[in-house]
Structure formats: C-alpha cells, structure tokens
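Undergrad: here is a sequence with its predicted model. Questions after.
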Amino acid sequence: MKFMGNGVLVSGSNTISISEEVCRTSKIPMIEKIVRRFPDGEIYVRFSDVNFKEKNVYIIHSMAPRQNDSLIELFLSVDVIREYSPRKINLIAPYMAYARQHKKYNIGEALSLRTIIKILKILGVSEITTIDAHFCRREGTFNFFGMKIQNLTAAPLIFEYIKRESGIKDFVVVGVDAGSRDFLSKIRSKKVFLRKEKYCPICNKKAIKCECKTRKKSYKIVIKGFEKVKNKNVMILDDIISTGGTMSACALAVKKVARSVYIGCTHGLFLGRALDILKENCDLIVSTNTIKSKASKVSIAPLIKKVIR
Ligand code: R5P
C-alpha cells in the first residue's frame, strides 16, 4: 500500500527504531538525516535530501537522553527544514524534556518548558504531539505558551502488554498517587490510588510543615493505602520513572501484601541504579520506547501512526 498523504518523515537520532516502525506501517517516506559530532562535542546536522517544499513534515524526536544534546539536534533540524519552505512542521516528541518544569515555584526561576516551546515556535514548529506529558496529565489537545499540543496516552498499551506477558487477567491497577487518576483514566480495570507522604528525617514532621531546611531529596517517602491490595495481582503504573524513588517506595509497600507486583511506565529514565533496584522488587518491569533502555518493550509507534496523514 502506497502512502497517499503529502507527508515526509524525519527522525531524531534517539528515535530511529520508532521512526522505522512508523515508516514500515504507514509507508510514509523518510528523509535521511546525518548527525555527527565535532571533536569539541558540538553537533552537526545535514539532510541528504531537502525536498521539503509544500510538504507536511513530521519530525519524530524524543528529547532524551541526553536532553540538552537532543534539543540542539532538534533545533538545528527544524531550522534547516524551515529553510526549504515546508507547508507545516509537526513535531512528534514522544518524550518532552523539561516537562516537569512547566510552572514557576520560586521567584526568579526559569520556566524551562516555556523557553523550549518559544524556540520551537520561532523556528517554525506549528504543533507538537507528545505522549503522557507531565504538564498535560490527560489525553487531549491543549495550548501551552501559544503552542498547540496534542497529548496521547500509552497507558492502555502498557496495561495490555503486561497482561499478555504475565497471563494474568485479574489485575488491580495501582496509581502512585491521586495525580495518577488522569493518567490511568483510559484503563478499564479495578484501580487503587496510593497516597505518597513525605516526612522530614530530622523533626519527623510532614514535609510541608517542616522548618528544618532539609534538602527535598532527604525526605522519607511513606506510602499509605497499600493494604487495599492484599492478596491481589497488582500492576503499578506511572507516567515517568526518573530516580525510581516514588516507584520503589510504592513497590516495597505493595509487595508486603500483594500476590504479585508488575510495574509499568511510559517514560523510563531509570537514573543511576533505579532499574536494577526496581527489578529486585517486582515480577516484571516495562516501559515504552519513548526512551530506550533494557525495559523499553512497549512500542508507541501505533499511537504515532494515527497522527500521520
Ligand atoms: C510525579 O508526579 C510523577 O508522576 C512521577 O511519579 C515522578 O516524577 C517519578 O519521579 P522519581 O522516579 O524520581 O521518583
């Protein structure tokens, strides 16, 4: 089957396998991009073909890791494409870097997500499609800092993958906190939402009431509500695992009472030893391939395919 649309695809160097899968299934042509590094670490980008004129250009580009290098590669790519008069530049960013810095918490701090969106807009990106972005929470179309952002969710794909792999049909899906309600809203299964409370290790008061000036990292995480999953097959799902602190605390609590513990997330950053530690505390851990790792077993290509015309 031939691709009938007016689109061409461009891949970020972090997303080549996703782009190839999308290419294979949608038959959209992909334009080859060469990315190299100068001896001092600076990035070089060149397209072997610049036939972008009047085309809908889809750039599939995950901004991780390393986030900053990946962003520069993206900025350089968009700027070249814009030079050759495309009809529209659609960025598909399975993982949006700086997504957790979309609000100002202190006077004088950078609103990082706004800065990135501003640059992409100036360079010529007309809209962004992303997956389980922290600042959107739920699936839908949003406007952030003047940019149209379509947020898709991978939660049902992860849920189905774990069900298939485990052969278990009666999962109780656990959200790590009340904030997970939107993330899990597309999953049809019994759900339990845990409560994550943080305590100061010095005064033992709740973090919000503590005046010890303890570093946030040192707060003790206490999980409440895990008793509800006694003797159940549990699947703990979250949008992102970064240091693994939240997920480890939840898995350890749930493990005390549950029959089995499966873990899934959309974005597996798995910093430091996070993946090894989590593996020790569950039956299986998987993420999607928005970020490549040993756990990235669930492909988000089927979600992206629906966006490409
Ligand atoms: C929080 O709102 C998120 O959904 C994740 O639970 C959190 O960002 C995970 O971070 P970490 O792995 O560092 O605990």
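TA: Ah, there it is. Here the structure is a predicted model, which means the values were calculated and not measured.
Undergrad: and the helices in the stretch 101-250 of the chain, which stretches?
TA: 112-123, 155-166, 180-183, 245-255 (DSSP state H, counting those that start in this stretch).
Undergrad: figure out which of the ones you listed is closest to E21.
TA: helix 155-166 (13.2 Å; C-beta to C-beta). From N, CA and C alone the C-beta is placed, and that goes for glycine too.
Undergrad: how about that closest one against the ligand, any contact?
TA: No: counting by C-beta under 6 Å from any ligand atom, the ligand is not contacted by helix 155-166; separation bottoms out at 12.0 Å.
Undergrad: rounded mean pLDDT for that helix, please.
TA: Averaged across helix 155-166, pLDDT comes to 98.
Undergrad: what comes into contact with it?
TA: 132, 169, 171, 173, 183-184, 186-187, 189, 233, 235, 237, 260, 262, 264-266, 283-284, 286-288, 297-300, 302-303 (C-beta atoms under 8 Å, 6 or more residues apart in numbering).
Undergrad: distance of the residue lying farthest from the centre of the chain from L113?
TA: Note on the chain: the largest C-alpha distance from the chain mean falls to C203, namely 35.4 Å (C-alpha atoms, centre = their mean). Counting by C-beta to C-beta, to the nearest Å, the gap from C203 to L113 is 34 Å.
Undergrad: residues near the closest residue to K103 other than its chain neighbours, how many?
TA: Spatial nearest neighbour of K103, chain neighbours left out: L111 (7.5 Å); criterion: C-beta to C-beta, 6 or more residues apart in numbering. For L111, the number of neighbouring residues by other C-beta atoms under 10 Å comes to 15.
Undergrad: Y98 is in contact with L111, correct?
TA: No: the criterion here is C-beta atoms under 8 Å, and L111 misses it with Y98 at 9.3 Å.
Undergrad: quick one: pLDDT of M1?
TA: At M1, the pLDDT value in this model is 65.
Undergrad: and the gap between the residue farthest from the centre of the chain and S218?
TA: 12 Å.
Undergrad: again, but for F270
TA: If you go by C-beta to C-beta, the gap between F270 and S218 works out to 21 Å.
Undergrad: between these two, which has more neighbouring residues?
TA: It is F270, of F270 and S218, that has more neighbours when counted by other C-beta under 10 Å, with 24 against 11.
Undergrad: for that one, what are its contacts?
TA: 241, 244, 278, 287, 293, 295.
Undergrad: what parts of the stretch 51-200 of the chain come near the ligand?
TA: Listed as neighbours of the ligand in the stretch 51-200 of the chain under the rule C-beta under 6 Å from any ligand atom: 176, 179.
Undergrad: can we see that at 8 Å?
TA: 100, 134, 176-177, 179-180, 183 (C-beta under 8 Å from any ligand atom).
Undergrad: could you dump the residues you listed to JSON lines with distance to V10?
TA: Output for those, formatted as JSON lines (distance: C-beta to C-beta, whole Å):
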{"residue": "R100", "distance to V10": "27"}
{"residue": "H134", "distance to V10": "25"}
{"residue": "V176", "distance to V10": "35"}
{"residue": "D177", "distance to V10": "37"}
{"residue": "G179", "distance to V10": "34"}
{"residue": "S180", "distance to V10": "33"}
{"residue": "F183", "distance to V10": "29"}
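Undergrad: of those residues, buried ones?
TA: Among these, those classed as buried by 16 or more other C-beta atoms under 10 Å are 134, 176-177, 180, 183.
Undergrad: let's have those in TSV, adding pLDDT.
TA: As requested, these are arranged in TSV below (pLDDT from 0 to 100):
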residue	pLDDT
H134	89
V176	94
D177	91
S180	94
F183	96
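Undergrad: circling back: ok, so of the contacts of F270, who is nearest R66?
TA: R66 has its nearest neighbour among the contacts of F270 in S293, at 14.0 Å by C-beta to C-beta.
Undergrad: and for the closest one, the neighbour number?
TA: Using other C-beta under 10 Å: S293 sits among 18 other residues.
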